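Asker: sharing a sequence plus its predicted fold:
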Amino acid sequence: MANKIIGNSLQNIPWQEKPEGYMEPVWRYSSNPIIDRHATKRSNSVFNSAVIPFEGKFAGVFRCDSKSISMDIFAGFSDDGIHWTINETPIQFEGADKEILKREYRYDPRVCYIEDRYYITWCNGYHGPTIGIAYTFDFQKFYQLENAFLPYNRNGVLFPRKINGLYAMLSRPSDTGHTPFGDIFYSQSPDLEYWGHHRYVMGTVKGDASAWQSTKIGPGPIPIETEEGWLLIYHGVINTCNGFVYRMGSALLDIDQPWKVILRSKDYILAPHELYECIGDVPNVTFPCATLTDADTGRIAIYYGCADTVTGLAFTTVEELMNHMKENPL
């Protein structure tokens, strides 16, 4: 198989075959959404969440906004990656410094396995949004580390292994408002506490060359290692007369210098077309936060937030995304 995923076999990956005659590179699960807005007793919405293989099944960290519209993250578990049970109480972090454990808000988590533990990153409120980091071995106890960056920052996404001996992360620096700028940067760290070597990766596209990503972009799921480079699924935003619209795109980053972009999709790979993606607390949003991958088949399952209200599942393959970028390069 060309464009092979470098990683593990996942024989129980959730999967549906591409519908006959379907022309797009990503297709939706036929029973979407897989998690509705009332998945817990107090949840107003469950979206922009992260899942990962765990002990032969699946675990995840979920953004559950409450009926008082507080934002927090909750652990959850599944036998098949489709039907989920989410804890009724948010994650209670342990840590050495009580200052860092103070909670303002938590949202949009990612989960990444590195070496011997599962790392969680999320948008953490600390006098403004920054990137929180924690780890767990069992999804029962969670240990919070120092925030990665100064406010203001969103969409902190770790790479699944060290690069040149250092931890690596993508993020999108922002501001106090609703991000009038939105570009992706790369940072590295020897210890997950002190971050530097910041490098620009890619930014918005002005004009009509690829207008769906003209307002801001941000990294989505954990980058997928392939034989050709790091496959990144990201979100792009356009500001229309009807408000912001969030779509998905893909890019290929250099394997040793991931701030160098090899390929980038001109056309989006998934957009809010279905009712559950277009109608909700924030209309017209498809926001990817996690993937499951099977190195044997090249299959990719994408978990994404729909209209900031529910969680959807979509499917593709490494071959589909590579061909899409090569046929429609930016």
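Answerer: Yep, it's here. Numbering: from 1, shown residues only.
Asker: so residue 259: helix, strand or coil?
Answerer: coil (DSSP: H, G, I helix; E, B strand; the rest coil).
Asker: ok, now how distant is the closest residue to it other than its chain neighbours from residue 160?
Answerer: Once flanking residues are discounted, residue 259 sits nearest to residue 199: 3.6 Å by Cβ to Cβ, 6 or more residues apart in numbering. For glycine as for every other residue, the C-beta is placed from the backbone atoms N, C-alpha and C. Noted for residue 199: a distance of 19 Å to residue 160, by Cβ to Cβ, to the nearest Å.
Asker: again, but for residue 144
Answerer: With Cβ to Cβ as the criterion, residue 144 and residue 160 are 20 Å apart.
Asker: compare those two and say which is more crowded by neighbours.
Answerer: residue 144 (20 against 17; other Cβ atoms under 10 Å).
Asker: list the contacts for the more buried one?
Answerer: Contact analysis of residue 144 by Cβ atoms under 8 Å, 6 or more residues apart in numbering lists 93-95, 100-101, 132-134.
Asker: mind listing the strands for the stretch 101-250 of the chain?
Answerer: Taking DSSP state E, counting those that start in this stretch as the criterion, the stretch 101-250 of the chain contains strands spanning 106-114, 117-125, 129-136, 142-144, 153-158, 167-173, 184-189, 196-202, 216-219, 224-225, 230-240, 243-253.
Asker: now residue 320: phi and psi?
Answerer: The phi/psi pair for residue 320 (degrees, to the nearest 10) reads phi -60, psi -50.
Asker: for it, give me the pLDDT.
Answerer: Per-residue pLDDT puts residue 320 at 97.
Asker: going forward, the N-terminal residue is numbered 29.
Answerer: All right, first residue 29 from here; so that's residue 348.
Asker: which residues touch it?
Answerer: The neighbourhood of residue 348, defined by Cβ under 8 Å, 6+ apart, consists of 53-54.
Asker: any idea how far it lies from residue 252?
Answerer: Residue 348 is 13 Å from residue 252, by Cβ to Cβ.
Asker: look up how far residue 163 lies from residue 251.
Answerer: Taken as Cβ to Cβ, the span from residue 251 to residue 163 is 19 Å.
Asker: neighbour count winner among the two?
Answerer: Higher neighbour count among residue 251 and residue 163: residue 251, with 26 against 18, using other Cβ under 10 Å.
Asker: and that one, what pLDDT?
Answerer: 98.
Asker: grab the nearest non-local neighbour of it.
Answerer: Take residue 251 and drop its neighbours on the chain: the residue closest to it by Cβ to Cβ, 6+ apart is residue 258, 4.2 Å away.
Asker: show me what the one you found is bridged to.
Answerer: residue 253, residue 281 (DSSP bridges).
Asker: next one: residue 339
Answerer: Taking DSSP bridges as the rule, residue 339 bridges to residue 63, residue 333.
Asker: so it touches residue 79, yeah?
Answerer: No: with contact defined as Cβ atoms under 8 Å, residue 339 does not reach residue 79; the gap is 9.3 Å.
Asker: mutual contacts of these two, please.
Answerer: Joint contacts of residue 339 and residue 79 (Cβ under 8 Å, 6+ apart) are residue 331.
Asker: OK, contacts around the residue positioned nearest the centre of the chain?
Answerer: Centroid-nearest residue in the chain, with Cα atoms, centre = their mean: residue 317, separated by 2.1 Å. Contacts for residue 317 (Cβ under 8 Å, 6+ apart) come out as 76-78, 136-138, 248-249, 331-333.
Asker: partner strands of the helix or strand where it lies, with direction?
Answerer: In the assignment (DSSP states H and E), residue 317 maps to strand 314-322. Under the criterion DSSP bridges, strand 314-322 sits next to strand 327-334 (antiparallel) in its sheet.
Asker: starting at the chain centroid, how far to the strand it pairs with?
Answerer: Its chain's C-alpha centre and that of strand 327-334 lie 9 Å apart, by Cα atoms, centre = their mean, to the nearest Å.
Asker: output it as CSV, restricted to C-alpha atoms.
Answerer: Extracted in CSV, the C-alpha atoms of strand 327-334 (Å, rounded to 0.1, in the frame of the first residue of the first chain):
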residue,chain,number,x,y,z
ARG,A,327,-8.1,3.5,7.4
ILE,A,328,-8.8,6.8,9.4
ALA,A,329,-11.8,7.5,11.6
ILE,A,330,-12.3,11.2,12.3
TYR,A,331,-14.2,12.4,15.4
TYR,A,332,-15.5,15.9,15.0
GLY,A,333,-17.7,18.5,16.7
CYS,A,334,-21.0,19.4,14.9
